[in-house]
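Enquirer: compute the structure for the input listed below.
(one chain, ligands or ions: 1)
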Amino acid sequence: MDDPDELAPAVRSILSAARDRADARAGATVSVAPRDLSAAFERAEADGRVPVIAEVKPTSPTTDGARDDDPVALAEGMVAGGAAALSVLTEPEHFGGSIETLERVRDAVDVPVLRKDFVVEEAQLDAAESDVVLLIARFAGDDLPDLVAAARERGFQVLVEVHDRAELERALAAGATTIGVNNRDLAELVVDLGTFESVAPHAPDDVTLVAESGIGSPADVRRMLAAGADALLVGSAIMDGDVEANTRELVRAEAGDGGASGESDTSDATETPT
Ligand SMILES: O=C(O)c1ccccc1NCC(=O)[C@H](O)[C@H](O)COP(=O)(O)O
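Expert: Here you go, the predicted model:
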């Protein structure tokens, strides 16, 4: 991992909490029979839906307040709105997530579920079963290849998150085949959709590319698809209001009907403080 001093204070705190939790997680090695993420994306496309991973994100360091509805009801609304897959935060202190929430959501839906957390040690992988785990290249550092291998040995599909071209190269060298480009800079916590546009052209064609963060409108969806995204990961814009209608609006972005709740164009905003 690079210099922690370069990270936003909130992110340093998230990482410190993740390391503290890691010890408590050493337990039996999990063995997962995952729901196929690629197949879920293909089903969405065949159905005329943009492949969206909708995120159950009760709060975050860049969100005012917290959403305390039942996460299972939120997750079911996202699936009803057409989400191809779900992402569930399990980080408790900064995102209001939990392992219990992940397990309840995965039991309640039939789409693939991504565990969204800050995994820095192999033992953390054994905290819960999920269909996909996130590994953040910046935080995994030199351990990324070992963590990818350890996750796959347990049956997980792996989404490796990158933020720039150097991290993309490290993800590829670690054998990643599904790569998320996070538009949120974890040093400044500023979102810039131009990040995906600058990194995506350097990814090989056979990599599944997920555009992450800052996607707030059908126009943003179309912008990310035009830049080469195979799927999108969306949290805040879906969690803000009616999750089913918000999800539907984004998955229908290519149909140009603006979904159930109309369309607002934020595609000109290349840099959005969050
Ligand atoms: O979302 C945050 O405030 C945040 C702060 C510090 C580290 C990570 C953070 N987010 C993690 C994510 O990757 C997002 O939850 C995810 O990409 C969805 O982003 P968005 O659609 O912008 O909510």
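Enquirer: quick one: low-confidence parts of this protein?
Expert: 1-4, 22-26, 256-274 (pLDDT under 70).
Enquirer: just the strands in it please.
Expert: 52-56, 85-89, 113-116, 132-136, 157-162, 178-182, 184-185, 190-191, 208-212, 231-234, 272-273 (DSSP state E).
Enquirer: quickly run through the sheet partners of the fourth one, with directions.
Expert: Right, the one you point to is strand 132-136. strand 113-116 (parallel), strand 157-162 (parallel) (DSSP bridges).
Enquirer: would you convert the strands of the chain into TSV that also reports mean neighbour count?
Expert: Placement of C-beta: from N, CA and C, glycine included. Shown next, in TSV, are the strands of the chain (neighbours: other CB atoms under 10 Å):
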stretch	mean neighbour count
strand 52-56	29
strand 85-89	28
strand 113-116	27
strand 132-136	26
strand 157-162	25
strand 178-182	26
strand 184-185	20
strand 190-191	20
strand 208-212	25
strand 231-234	26
strand 272-273	12
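Enquirer: could you pull out the helices in this structure for me?
Expert: Secondary structure of the chain by DSSP state H: the helices cover 9-24, 37-46, 71-80, 92-95, 99-108, 137-140, 144-153, 165-173, 194-199, 218-226, 236-239, 243-251.
Enquirer: I'd like those written out as a markdown table, with mean neighbour count and distance to Glu129 added.
Expert: Converted to a markdown table, these look like this (neighbours: other CB atoms under 10 Å; distance: least, CB to CB, whole Å):
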| stretch | mean neighbour count | distance to Glu129 |
| --- | --- | --- |
| helix 9-24 | 15 | 17 |
| helix 37-46 | 17 | 15 |
| helix 71-80 | 20 | 16 |
| helix 92-95 | 18 | 18 |
| helix 99-108 | 18 | 7 |
| helix 137-140 | 23 | 20 |
| helix 144-153 | 18 | 12 |
| helix 165-173 | 18 | 24 |
| helix 194-199 | 20 | 30 |
| helix 218-226 | 21 | 30 |
| helix 236-239 | 22 | 24 |
| helix 243-251 | 23 | 24 |
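Enquirer: near the ligand, which residues of the stretch 101-250 of the chain?
Expert: 182, 184, 186, 189, 212-215, 233-237 (CB under 6 Å from any ligand atom).
Enquirer: just give the number of residues close to the nearest residue to Arg115 once chain neighbours are set aside.
Expert: What sits nearest to Arg115 in space, not counting adjacent residues and going by CB to CB, 6 or more residues apart in numbering, is Ser130, at 3.8 Å. Residues lying near Ser130 (other CB atoms under 10 Å) number 29.
Enquirer: so what's Ser130 up against?
Expert: Shown in contact with Ser130 (CB atoms under 8 Å, 6 or more residues apart in numbering): 32, 34, 88, 102, 106, 113-115, 156.
Enquirer: ok, it to Ala73 distance?
Expert: With the distance defined as CB to CB, to the nearest Å, Ser130 ends up 19 Å from Ala73.
Enquirer: again, but for Val109
Expert: 11 Å.
Enquirer: got it, and Asp20?
Expert: Applying CB to CB to Asp20 and Ala73 gives a distance of 31 Å.
Enquirer: got phi/psi on the closest residue to Thr247 other than its chain neighbours?
Expert: Nearest residue to Thr247, sequence neighbours excluded (CB to CB, 6+ apart): Gly81, at 3.0 Å. For Gly81, the backbone dihedrals are phi -80, psi 0 (criterion: degrees, to the nearest 10).
Enquirer: wait, Gly81 sits on Arg252?
Expert: No: using CB atoms under 8 Å, Gly81 is not in contact with Arg252, being 9.4 Å away.
Enquirer: the more surrounded of the two?
Expert: Gly81 (24 against 21).
Enquirer: so what's that one up against?
Expert: Taking CB under 8 Å, 6+ apart as the contact definition, Gly81 lies against 54, 243-248, 251.
Enquirer: next: Ala171.
Expert: Counted by CB under 8 Å, 6+ apart, Ala171 has contacts 137, 144, 160, 162, 179.
Enquirer: now do the contacts for the last one.
Expert: Just to be clear, that refers to Ile179. By CB under 8 Å, 6+ apart, the contact list for Ile179 reads 159-162, 168, 171-172, 203, 207-210.
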